[in-house]
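**Q** Got a sequence here, can you model it:
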Amino acid sequence: MKNLFNKVRNKVRSSALCVQSTIECKKAEGYVDSGVKILIAVVIGALLLAGLYALFNTNIIPTLTSKINGLFNYGG
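**A** Numbers count the residues shown, from 1 in each chain. Model prediction:
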C-alpha cells in the first residue's frame with residue numbers, strides 16, 4: 001500500500017513539474033509572429049490581384065475585344 005502511495009506521489013510531482021516548466025517557458029515563436037506573417041501574405045495577395053484586375057480591364061480586354069471585332073468584321 002505504501003508503494004502505491006509513493007508511485008502516485010511521484011506521478012503527481014512529475015506532472016506538476018511538467019506543468020510548471022511549460023508555464024515558465026518563454027519561447028518566442030508564438031501567435032503574434034504567425035498572425036503577422038498571414039496578414040502580410042493576405043495584403044500582398046490582395047494588392048497583386050487588384051493590379052492584375054486593373055491591368056486586364058484597362059489594357060488587355062479592350063485590345064482583345066477590338067481585335068476580335070476586327071476579325072469578324074466582314075464589311076471591311
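**Q** How many residues are close by residue 47?
**A** Residues lying near residue 47 (other C-beta atoms under 10 Å) number 10. In this view, the C-beta of every residue, glycine as well, is placed from N, C-alpha and C.
**Q** Can you list the buried residues in whatever helix or strand it lives in?
**A** For residue 47, the element it lies in under DSSP states H and E is helix 31-55. Of the residues in helix 31-55, none is buried under the neighbour-count criterion (16 or more other C-beta atoms under 10 Å).
**Q** Now do stretch 4-11: distance to the chain's middle.
**A** Distance of stretch 4-11 from the chain centroid (C-alpha atoms, centre = their mean, to the nearest Å) equals 45 Å.
**Q** Keeping just the C-alphas, turn it into CSV.
**A** Provided in CSV are the C-alpha atoms of stretch 4-11 (Å, rounded to 0.1, in the frame of the first residue of the first chain):
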residue,chain,number,x,y,z
LEU,A,4,1.2,2.6,-4.3
PHE,A,5,1.1,5.9,-2.5
ASN,A,6,4.8,6.5,-3.4
LYS,A,7,4.0,5.8,-7.1
VAL,A,8,1.0,8.2,-7.0
ARG,A,9,3.0,10.9,-5.2
ASN,A,10,5.9,10.6,-7.7
LYS,A,11,3.5,10.7,-10.7
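**Q** Which SSE is immediately downstream of the helix holding residue 47?
**A** Using DSSP H and E, the helix or strand that follows helix 31-55 in sequence is helix 61-71.
**Q** Buried residues, that following helix. List them.
**A** Buried residues in helix 61-71 (16+ other C-beta under 10 Å): none.
**Q** what angle do that helix and helix 31-55 make?
**A** For helix 61-71 against helix 31-55, the angle by axes from the mean of the first three to the mean of the last three C-alpha atoms, to 10 degrees is 30 degrees.
**Q** helix/strand/coil for residue 74?
**A** coil (DSSP: H, G, I helix; E, B strand; the rest coil).
**Q** I'd like the distance between it and residue 16.
**A** Distance of residue 74 to residue 16, computed by C-beta to C-beta, to the nearest Å: 88 Å.
**Q** So between the two, which is more surrounded?
**A** Taking other C-beta under 10 Å, residue 74 and residue 16 do not tie; residue 16 has more neighbours (10 against 5).
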